[in-house]
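A.B. asks: Sequence plus the predicted model coming up.
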Amino acid sequence: MSLVKCWSTTRKILGVLLFIPYAIVLILAGFIIHPLLHAIALPYTLYYFSPNWRLMGSKHPVVDLYIQRFERLHPTLIYFVSRAYSQRQNKRPPNTLRYWPHESKHEFLLIPFLFEERHSWKFSQGAGLFALLEDAGVKRQVLWTFLRDQVESAGLATEEEKAAFARIMKKMNSHRFDGALPVAMRWSAVIGMVMGKAEKRKQKTARLRELAAPLGVPVEEASPDSVDWLVREKALVVLQGNDLTFGSNLVRFLPVWKEQKIGVAVAVGSWQLIRY
């Protein structure tokens, strides 16, 4: 066995062995450390309420205006988003929707021998899309910058609207408490690093570019630090980085993204193909 193959096998074994201790750490972090940190930081997060808890209703109109104009710029993408949300069995939106314009209603029905809880949401397709991307692991700052650039570069915002959006964007991306300790110890990223996942994904992307060139299929790299690939219709999107779970819920969001496991193909019936 060559030295390269031996090292590759060793990295895989180390990745599997690291799963158990990091799973234990994650459980401790999730049930003990994380709540404790949030309890200690509660005064801080309440003072900086919007970036840590939810986008205030008074800020919704300006952000919603930008999202509506983004939808106008990309009607085909929004059509697929609409189909995806209508076809989902689990109608509950991601928790990150609270950072985007929406309306929600929470009801408790108390009937003898019966307790029922009902929760309903109302949000635009664009807001649902950005919430899903944030939940998938794309950085919030990246999403807000992308939305701003898309709308303002198309000349669809006045100077007053630009200034108002910039103020809200700064507020939503400053003074965030994200529970740094659990994130730093996320096993999916650590094991991915040990296994050399980022390097393998880069190599896979290079091979796919060679295969896709004769077919005219664009190959786009997706990472938590970029979302420019989103507007490339019929592209083959290849996830990048070490994190094994990044973008995992995008694969299930049909028909916006359809998983392509083998080779290269032209996207039919979906907005983009995705290699996870």
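C.D. replies: Yep, it's here. Numbers count the residues shown, from 1 in each chain.
A.B. asks: quick one: Tyr48 and Ser174 touch, right?
C.D. replies: Yes: the criterion here is CB atoms under 8 Å, and Tyr48 meets it with Ser174 at 7.4 Å. All C-beta atoms are positioned from the backbone trio N, CA, C, and that covers glycine.
A.B. asks: Look at the two and report which has more neighbours.
C.D. replies: The neighbour comparison of Tyr48 against Ser174 (other CB atoms under 10 Å) goes to Tyr48, with 15 against 11.
A.B. asks: ok, the more buried one - contacts?
C.D. replies: Counting by CB atoms under 8 Å, 6 or more residues apart in numbering, Tyr48 makes contact with Ser174, His175, Arg176, Phe177.
A.B. asks: part of a strand, is the first one?
C.D. replies: No: residue assignment for Ser174, taken from DSSP: H, G, I helix; E, B strand; the rest coil, gives coil, which places it outside any strand.
A.B. asks: For the stretch 51-200 of the chain, which segments are assigned as strands?
C.D. replies: Using DSSP state E, counting those that start in this stretch, the strands of the stretch 51-200 of the chain run over 103-111, 114-122.
A.B. asks: Can you find the helix or strand in the protein with the smallest mean pLDDT?
C.D. replies: Each helix and strand of the chain was given a mean pLDDT (mean pLDDT, DSSP states H and E); the minimum falls on helix 180-184 at a mean of 44.
A.B. asks: ok, back up a step: could you identify the least confident member of the contacts of Tyr48?
C.D. replies: Within the set of the contacts of Tyr48, pLDDT is lowest for Phe177 (77).
A.B. asks: can you give me the end-to-end distance of stretch 259-274?
C.D. replies: 5 Å (CA to CA, to the nearest Å).
A.B. asks: Over to stretch 128-142?
C.D. replies: In stretch 128-142, first residue to last residue: 16 Å (CA to CA).
A.B. asks: contact partners of it?
C.D. replies: Contacts to stretch 128-142, defined as CB under 8 Å, 6+ apart, come from residues 67, 77-78, 81, 85, 93-97, 99-100, 123, 143, 147, 172-173, 176, 224-227, 230, 243, 245-250, 253, 256.
A.B. asks: One more: stretch 70-85?
C.D. replies: Contacts to stretch 70-85, defined as CB under 8 Å, 6+ apart, come from residues 91, 124-126, 128-129, 147, 150-151, 154, 156, 230-231, 233, 253-256, 270-271.
A.B. asks: From those, list the buried ones, please.
C.D. replies: 124-126, 128-129, 147, 150-151, 156, 230-231, 253-256, 270-271 (16 or more other CB atoms under 10 Å).
A.B. asks: Tyr85: neighbour count?
C.D. replies: If you count neighbours by other CB under 10 Å, Tyr85 ends up with 17.
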